[in-house]
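Novice: Give me the fold of what follows.
(one chain, ligands or ions: 3)
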Amino acid sequence: MESILFVIFLVTLSSSSFVAESSDNNRVFSPCLDTKVQVSDGFTFGIAFAQRNNFFLNSTVQLSPCDSRLSLSSSNSQIAVFRPKVDEISLLTINASSFSPATYGGYMVAFAGRKYAARSPSAFVANSTYTVTSFTLVLEFKKGRLQNLYWKRDGCAKCSGSSNFVCLNNQDCAIRTSNCKNQGGSVDCSLGIQLAFSGTDKHLAVLNSWYEVENLRQYSLYSLYSNLRDSLTSQYSKIF
Ligand SMILES: *[C@@H]1O[C@H](CO)[C@@H](O)[C@H](O)[C@H]1NC(C)=O
Ligand SMILES: *[C@@H]1O[C@H](CO)[C@@H](O)[C@H](O)[C@H]1NC(C)=O
Ligand SMILES: *[C@@H]1O[C@H](CO)[C@@H](O)[C@H](O)[C@H]1NC(C)=O
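Specialist: Ligands and ions are numbered 1, 2, ... in the order given. This is a model prediction of the structure:
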């Protein structure tokens with residue numbers, strides 16, 4: 001698969017910051033290979049950006065972006081690879097000044113694994129009219145093996161009162177793309193993806209960061225990062 005890795009800003013909020021120097025014993029660094037993880041390992045997964053149709057075989061069966069039967073490598077697509085720590089809540093951001101999802105088809109799918117391939121449903125990110133900048137991705141493990149990836153959505157309650165946002169399909173708060181900085185507007189439309197882990201690791205330890213995200217509301221992680229990510233949080237400042 002042809003892929004260009006672009007610079008990713010990975011900020012990690014440790015859910016167990018009192019634990020000194022936990023180590024990463026996972027030797028698998030490709031998002032297209034299988035692995036089993038334990039708490040404190042790194043886990044590599046990818047996010048592919050493409051047209052929605054490019055994630056499907058014959059427009060019907062959704063395959064993992066690792067599957068060569070998808071012609072992702074010959075289509076207009078882009079892959080980002082991340083390696084968060086298992087069971088730590090992380091906020092992944094992709095800076096809008098270096099990457100525009102709309103030019104790569106506007107949809108994304110998170111994926112990992114080969115024989116045990118898991119992929120999320122495709123999610124709309126951006127087109128010339130609307131841009132969605134905030135997502136929560138849940139990585140669900142069973143005995144350390146990734147079982148499932150899905151987008152956690154909590155509706156449009158956070159933006160329903162704001163004229164800056166449009167509610168798409170009763171699930172995503174979208175900004176008008178014309179308001180984005182790279183379109184001459186004033187909003188930083190960098191993509192922010194909060195991660196949460198659920199299920200069990202290979203020693204059957206329960207992955208807990210999920211419960212923390214359940215308690216944090218969808219955008220609350222951004223306020224925790226406000227010192228670091230001023231321009232990303234400013235678009236949400238009215239709704240915290
Ligand atoms: C997809 O379409 C091709 C030709 O159009 C056909 O040969 C193939 O069997 C189809 N595959 C599936 C999984 O439907
Ligand atoms: C952009 O996406 C929205 C939501 O998916 C859709 O309603 C709209 O028709 C799309 N606009 C264009 C120009 O593709
Ligand atoms: C994106 O990059 C631009 C230019 O380097 C910077 O001004 C902006 O703050 C960055 N945005 C985020 C969310 O990191």
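Novice: hey, let's count contacts and neighbours off CA atoms from now on
Specialist: OK.
Novice: Surely residue 148 and residue 113 touch.
Specialist: No: Residue 148 is beyond contact range of residue 113, at 10.5 Å (criterion: Cα atoms under 8 Å).
Novice: Where does the prediction get shaky in this structure?
Specialist: 1-22, 212-240 (pLDDT under 70).
Novice: For it, what lies in contact range of ligand 2?
Specialist: By the rule Cα under 6 Å from any ligand atom, the part of the chain lying against ligand 2 is 127, 128, 129, 130.
Novice: quick one: contacts for the closest residue to the first one other than its chain neighbours?
Specialist: Meaning residue 127. Nearest residue to residue 127, sequence neighbours excluded (Cα to Cα, 6 or more residues apart in numbering): residue 102, at 4.8 Å. Listed by Cα atoms under 8 Å, 6 or more residues apart in numbering, the contact partners of residue 102 are 125, 126, 127, 128.
Novice: Name the member of those residues with the most neighbours.
Specialist: residue 126 (25 neighbours; other Cα atoms under 10 Å).
Novice: So that residue is in contact with residue 104, correct?
Specialist: No: counting by Cα under 8 Å, residue 126 sits too far from residue 104 to count as a contact (9.4 Å).
Novice: quick one: contacts for residue 156?
Specialist: Taking Cα under 8 Å, 6+ apart, one finds 167, 170, 171, 172, 173 in contact with residue 156.
Novice: Just the element for the second one, please.
Specialist: It stands for residue 170. Under DSSP states H and E, no helix or strand contains residue 170.
Novice: Can you tell me how far it is from ligand 2?
Specialist: Remark: distance between residue 170 and ligand 2 (Cα to the nearest ligand atom, to the nearest Å) = 11 Å.
Novice: so how far is residue 108 from that residue?
Specialist: Taking Cα to Cα, to the nearest Å as the measure, residue 170 and residue 108 are separated by 19 Å.
Novice: Look at the two and report which has more neighbours.
Specialist: residue 108 (25 against 13).
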